[in-house]
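J.: I'd like to go over a predicted model; first the sequence, then the structure.
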Amino acid sequence: MFDKYGREIDYIRISVTDRCNLRCLYCMPEEGVSMVSHEEILSYDEIVTLAEVFASLGIRKIKLTGGEPLVRRDLPWLVKKLKVLPGIEKVTLTTNGLFLKEALGELGEAGIDGINLSLDTLNPEVFAEITRRRGLDKVLEGFYEALKYPEIPLKINCVPLGREDQEVLEIAELARHYPVHVRYIEMMPIGLGRQFRSVGEEELLKQLREKYGTPSPCQEKLGNGPAHYYSFPGFFGKIGFISALSHKFCGSCNRVRLTSQGFLKTCLQYETGTDLRKLLREGASQETLKRAVEQAIRDKPQSHRFGEKDTGEVETHMMSQIGG
Ligand code: SAM
Ligand code: SF4
């Protein structure tokens, strides 16, 4: 499936819930989050029906996200159903890790193809400040448990907030000691993220170079996303950067998003897309759903305009509602 700018769309992020057991400063407010009722959220069966439509149009990879996907019951059941859809090659998950340890066995059995663990700091006090909850110990238990499943590739995602006590270089140590890739994600000016300074890739690379020596840029493409990677001397894993602002990658964007309420969102920054839940619940045929998805993908915006003044129909939702 190609959009009108010739980009091939083969990857979808599917949010299974708006709810979360953390309240990261840049993602969700402490209070005043209006909880979406269960009826408004797509059922697993509805997600599978839509995933079949996506797969028939060329989607190959699915990332399950949220809110926190592991707060929704029986997630491994959904993984199993998605894994057997013709055309789907990979089903992966992004999680804050609080429930990861308990879920790993079943996720492994269901055939999960990879896990991204979001982890912004290794300092328990700073973790509690950034997430407004305690629980770094549980997240780390999840991390160590995940290392016992070498067949499930593990990546760590860290969003620098521009505060010194976050000590983001400590996160790189995980790639030094363990076979995991660590990626630094530039803060995006969406929702609560607008209040923070984006820490650019050059700034971080300089600090990493001073501490660990000169890295070599990784030539081969790792994974399916916009990250680019470096190898540092003596590291098991690689260090990656996802820099939507300083290294805009819209020209090679391959993704769309499905919110937990069934809205197919075609660009992170804009509210463009189509309401698939409405069609689904009106009893639309597979053909009608297909045509709606095709149309929405064809009209995917050319690029984001973060940092520019006139940004038109900008996204007003929080990242927890979009799925990251
Ligand atoms: N709760 C899960 C987690 O934390 O991985 C999945 C949902 S979360 C919205 C997905 C990713 O989006 C996380 O890695 C989070 O750090 C990232 N994120 C949230 N707000 C962001 C922002 N404003 N800029 C960049 N990344 C953001
Ligand atoms: Fe929850 Fe993930 Fe958002 Fe943090 S980043 S509040 S863990 S959804």
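T.: Received it, and whenever you're ready, just let me know what you need. Model, not experiment: these values are computed from the prediction. Ligands and ions are numbered 1, 2, ... in the order given.

J.: Return the helix or strand in this protein with minimum mean pLDDT.
T.: Ranked by mean pLDDT, DSSP states H and E, the weakest helix or strand in the chain is helix 319-322, scoring a mean of 82.

J.: Let me see the ranges of the helices in the stretch 101-250 of the chain.
T.: 124-131, 136-147, 169-177, 201-212 (DSSP state H, counting those that start in this stretch).

J.: can you redo those helices as CSV with mean neighbour count, mean pLDDT and distance to residue 57?
T.: To be clear about C-beta, it is placed using only N, CA and C from the backbone, and glycine gets the same treatment. Listed next are the helices of the stretch 101-250 of the chain as CSV, based on neighbours: other CB atoms under 10 Å; pLDDT from 0 to 100; distance: least, CB to CB, whole Å:
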stretch, mean neighbour count, mean pLDDT, distance to residue 57
helix 124-131, 18, 98, 37
helix 136-147, 18, 98, 32
helix 169-177, 17, 98, 36
helix 201-212, 14, 95, 33
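
J.: quick one: which of these is nearest ligand 2?
T.: Closest approach to ligand 2 among the helices of the stretch 101-250 of the chain (CB to the nearest ligand atom): helix 124-131, 6.1 Å.

J.: Can you give the distance from that closest one to the centre of its chain?
T.: Taking CA atoms, centre = their mean, to the nearest Å, one finds the center of helix 124-131 at 21 Å from the center of the full chain.

J.: so what does it touch, helix or strand wise?
T.: Counting contacts by 3 or more CB pairs under 8 Å, 6 or more residues apart in numbering; DSSP states H and E, the secondary-structure elements packed against helix 124-131 are helix 136-147.

J.: Does ligand 2 have contacts with the helix it packs on?
T.: No: using CB under 6 Å from any ligand atom, helix 136-147 stays clear of ligand 2, coming no nearer than 9.8 Å.

J.: Just the CA atoms of that helix, as CSV, please.
T.: What follows is the C-alpha trace of helix 136-147 in CSV, where atoms were taken according to Å, rounded to 0.1, in the frame of the first residue of the first chain:
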residue,chain,number,x,y,z
LEU,A,136,11.6,1.2,39.0
ASP,A,137,12.4,-2.0,40.9
LYS,A,138,9.5,-3.8,39.1
VAL,A,139,10.6,-2.4,35.7
LEU,A,140,14.1,-3.6,36.3
GLU,A,141,12.8,-7.1,37.3
GLY,A,142,11.0,-7.1,34.0
PHE,A,143,14.2,-6.1,32.2
TYR,A,144,16.2,-8.9,33.8
GLU,A,145,13.4,-11.4,33.1
ALA,A,146,13.3,-10.4,29.5
LEU,A,147,17.1,-11.1,29.2
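
J.: now the angle from that helix to helix 169-177?
T.: An angle of 20 degrees separates the directions of helix 136-147 and helix 169-177 when computed by axes from the mean of the first three to the mean of the last three CA atoms, to 10 degrees.

J.: Pull the residues that contact helix 136-147.
T.: Residues outside helix 136-147 that contact it (CB atoms under 8 Å, 6 or more residues apart in numbering): 95-101, 104, 115, 117, 119, 121-124, 127-128, 152, 154, 156, 174, 178-180.

J.: repeat for stretch 49-58
T.: Outside of stretch 49-58, the residues that reach it under the criterion CB under 8 Å, 6+ apart are 1, 8-10, 12, 14, 42, 59, 62, 82, 85-88, 258, 262, 276, 280, 286, 289-290, 293-294, 297.

J.: Could you list the buried residues of that stretch?
T.: Of the residues in stretch 49-58, those scored as buried under the neighbour-count criterion (16 or more other CB atoms under 10 Å) are 50, 51, 52, 53, 54, 55, 56, 57.

J.: so which strand or helix has the second one?
T.: For residue 51, the enclosing helix or strand under DSSP states H and E is helix 44-56.

J.: Just the C-alpha atoms of that helix, please, in CSV.
T.: Coordinates of the C-alpha atoms in helix 44-56 are reproduced here as CSV (Å, rounded to 0.1, in the frame of the first residue of the first chain):
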residue,chain,number,x,y,z
TYR,A,44,-10.0,-7.6,20.7
ASP,A,45,-12.3,-9.2,18.0
GLU,A,46,-12.7,-5.8,16.4
ILE,A,47,-9.0,-5.2,16.5
VAL,A,48,-8.4,-8.6,14.8
THR,A,49,-11.0,-7.8,12.1
LEU,A,50,-9.3,-4.5,11.3
ALA,A,51,-5.9,-6.1,11.4
GLU,A,52,-7.1,-8.5,8.7
VAL,A,53,-8.1,-5.6,6.6
PHE,A,54,-4.7,-3.9,7.2
ALA,A,55,-2.8,-7.1,6.4
SER,A,56,-4.8,-7.5,3.1
